[in-house]
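[1] Next come a sequence and a model predicted from it.
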Amino acid sequence: MNTTRNNASYWNPEVETLSRTALEQLQRERLLETLRRAAQAPFYRNSLGPEPWRRIHSLDDIRRLPVTTKDDLRAAYPYGFLCVPKDRLIRLHVSSGTTGQATAVFYTQKDVDAWADLMARCLYMTGARPGDVFQNLSGYGLFTGGLGFHYGAERLGLLTIPAGAGNSKRQIQLMRDFSTTVMHIIPSYALRLMDVMAEMGVDPKRDLHLRIAYLGAEPYSEEVRRRVEAFYGVSVFNSYGLSEMNGPGVAFECAYQNGLHIWEDAYLVEVLDPKTLEPVPEGTLGELVLTTLSREGMPLIRYRTKDLTRILPGDCPCGRVHRRLDRIQGRSDDMFILKGVNIFPIQVEQVLMGIPEVGNNYRIVLDRHDNVDVMTVEVEVTDKIFVEDMRQLQRLQKKITKELKSELLVTPEVRLVEPHGLPRNEGKAVRLMDRRNPYGA
Ligand code: COA
Ligand code: AMP
Ligand code: ZN
């Protein structure tokens, strides 16, 4: 499977270095096959109309088909996007950041195998090899960063430690005891872990064996990459993916760290103006819209990721034909990510408005204090609350914190404010202040 060519190593040279013409031919064949399969799903049978593949003569004809949105996934929950009988499925994941109905993604055995192979391709591309010890500090369970990386690392033959997120002292102990060389970690956790190491007197460059770190699942800047590289003594590679497209393994940096190769044998890429849904010229910022090309159980056609990025012009010296994405620059909706968990402000609103003691005004403030991301939810109470009754206020604060944690999966700081205590804006209320500068300068 893996060979060395022109001094560059490829996991799967046939698909990584084929010519542009051959890649587009492969994409066309896979698109037609995908459309035939998608037509089996109740949702697409309706939205794509009869025999949609007959409308596709070239790859550009994809634009004749409607886009798919997260709302479509929600509306068809749970099984409306399935193209195979349920007994062919072996896995499901559910993405965080669900407003109302969750979005679930299903995998057949072939899908799980193909995903593991894509992930192995990513890890191999960065120089990970059998003999490396891989510690996965991503959340497991329904998060795709856990099992997604895990299966890829095992496929590649790495000794894989399914450490999961949190429990920092034990993470460091594991790194020490087993001489971890490669880690996958959420950027905000990589920052937090620096402080824990400093408190424990651990200097990673002196005491550990780390050499590679994969950072993804949330936006981060070049500055954060440089800090993480300098502190841990590692090369940091950006990892991009989303649950709807399997999870991680959609786009990944190679040894040149100059943008993320998006695997075009598995995903058909469009970058569109989020307002008009017309394609933007290469190199221009737009919304990434993806069509799966090899998924069996649940193909998605023209899925709007809501992530803003651009295609980087030019070839990569590594010799891979797959084009490169710039790091994610923002979102075309109001979703934000805290500690690797997706959150929509409306989720906060729904929780707050269900609590009778809460007034009509609230604000979400996101900060990074001493390497820890903090979400403060400032909540006006109703004038029926007696603001001098400390016990009553504490009970209310605890209740709001508990309900928000249960809905969002992360723990917020809740600050109660007296009626009309929050600033009013002219026009539309500004509910979210993100002071972390998550996408960098
Ligand atoms: N940022 C900061 N702390 C993190 C973290 C992150 N991204 N990820 C894990 N932690 C650690 C904390 O350091 C703490 O461990 P410690 O006390 O041993 O040092 C522990 O998680 C809990 O921290 P807390 O601040 O109480 O967390 P929370 O209740 O706000 O959130 C998490 C709980 C961190 C476990 C939750 O946010 C999570 O599961 N994140 C991972 C999401 C993920 O894997 N996404 C990948 C998607 S593919
Ligand atoms: P999930 O479906 O929970 O895996 O979340 C996917 C979302 O996380 C994407 O749509 C992006 O908004 C964000 N994301 C994932 N990887 C990155 C990355 N490397 N840089 C910036 N954002 C990312
Ligand atoms: Zn490259």
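    It's in. Numbering: from 1, shown residues only. Ligands and ions are numbered 1, 2, ... in the order given.

[2] Which secondary structure element is home to the residue of the chain positioned farthest from its centre?
    Distance to the chain centre peaks in the chain at residue 388, reaching 43.8 Å (criterion: Cα atoms, centre = their mean). Following DSSP states H and E, there is no helix or strand that holds residue 388.

[3] ok, which stretches of the stretch 151-300 of the chain are helices?
    If DSSP state H, counting those that start in this stretch is used as the criterion, the helices of the stretch 151-300 of the chain fall at 168-177, 187-200, 204-207, 222-232.

[4] Return the most buried member of those.
    Sort the helices of the stretch 151-300 of the chain by mean neighbour count, taking mean count of other Cβ atoms under 10 Å, and helix 187-200 sits at the top with a mean of 19. Any C-beta I mention is one placed from the backbone N, CA and C, and that applies to glycine too.

[5] near ligand 1, which residues of this protein?
    Applying Cβ under 6 Å from any ligand atom, we find that the chain lies next to ligand 1 at 138-139, 143-145, 165-168, 186, 188-189, 192, 196, 217, 339-341, 372-373, 409-411.

[6] Need the buried ones from these selected in PyMOL.
    Buried residues within those, by 16 or more other Cβ atoms under 10 Å, are selected in PyMOL with:
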select buried, resi 138+139+143+144+145+165+168+186+188+189+192+217+339+340+341+373+409+410
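
[7] And the helices of the stretch 151-300 of the chain: which comes nearest residue 397?
    helix 187-200 (24.2 Å; Cβ to Cβ).

[8] is the closest one anywhere near ligand 2?
    No: judged by Cβ under 6 Å from any ligand atom, helix 187-200 makes no contact with ligand 2; its nearest approach is 8.2 Å.

[9] okay, the angle between that helix and helix 168-177?
    80 degrees (axes from the mean of the first three to the mean of the last three Cα atoms, to 10 degrees).

[10] Other residues contacting helix 187-200?
    137, 165, 168-169, 171-172, 185, 203-204, 213, 215-220, 224, 227-228, 231-232, 338-340, 368, 370-373 (Cβ atoms under 8 Å, 6 or more residues apart in numbering).

[11] gap between the closest residue to residue 70 other than its chain neighbours and residue 243?
    With sequence-adjacent residues excluded and distances taken as Cβ to Cβ, 6 or more residues apart in numbering, residue 70 is closest to residue 103, at 5.9 Å. According to Cβ to Cβ, to the nearest Å, residue 103 stands 7 Å off from residue 243.

[12] sorry, back to before: now, the residues of the chain next to ligand 1 that are in strands?
    Counted as lying in strands by DSSP state E, out of the residues of the chain next to ligand 1, are 341, 372, 373.

[13] how many neighbours does residue 242 have?
    When counting by other Cβ atoms under 10 Å, one arrives at 20 neighbours for residue 242.

[14] for the residue of the stretch 101-250 of the chain found nearest ligand 3, what are its contacts?
    The nearest approach of the stretch 101-250 of the chain to ligand 3 comes at residue 125, 7.6 Å away (Cβ to the ion). Contacts for residue 125 (Cβ under 8 Å, 6+ apart) come out as 9, 10, 11, 252, 254, 255, 261, 318, 320.

[15] what's the answer for residue 231, then?
    194, 204.

[16] Can I get the strand ranked longest in the chain in CSV, CA atoms only?
    Counting by DSSP E, the longest strand found in the chain is strand 358-369. Extracted in CSV, the C-alpha atoms of strand 358-369 (Å, rounded to 0.1, in the frame of the first residue of the first chain):
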residue,chain,number,x,y,z
VAL,A,358,-34.8,34.4,33.7
GLY,A,359,-35.7,37.8,32.1
ASN,A,360,-35.6,38.6,28.4
ASN,A,361,-32.0,39.8,27.9
TYR,A,362,-28.8,37.7,28.0
ARG,A,363,-25.3,37.8,26.5
ILE,A,364,-22.6,35.2,25.8
VAL,A,365,-19.0,36.3,26.2
LEU,A,366,-16.1,34.1,25.2
ASP,A,367,-12.7,34.7,26.5
ARG,A,368,-9.3,33.0,26.7
HIS,A,369,-7.9,33.6,30.3
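
[17] Relative to that strand, what are the paired strands and their orientations?
    strand 372-381 (antiparallel), strand 432-434 (parallel) (DSSP bridges).

[18] what does the last one rub up against?
    By Cβ under 8 Å, 6+ apart, the residues outside strand 432-434 that reach it are 334, 336, 345, 363, 364, 365, 366.

[19] Now list the buried members of the residues you listed.
    Those of the contacts of strand 432-434 that meet the buried threshold are 336, 345, 363, 364, 365, 366, by 16+ other Cβ under 10 Å.

[20] quick one: which of the residues you listed is nearest to ligand 2?
    Of all the buried ones among the contacts of strand 432-434, residue 336 has the smallest distance to ligand 2: 9.2 Å, by Cβ to the nearest ligand atom.

[21] Pull the contacting residues for that closest one.
    342, 343, 345, 366, 432, 434, 438.
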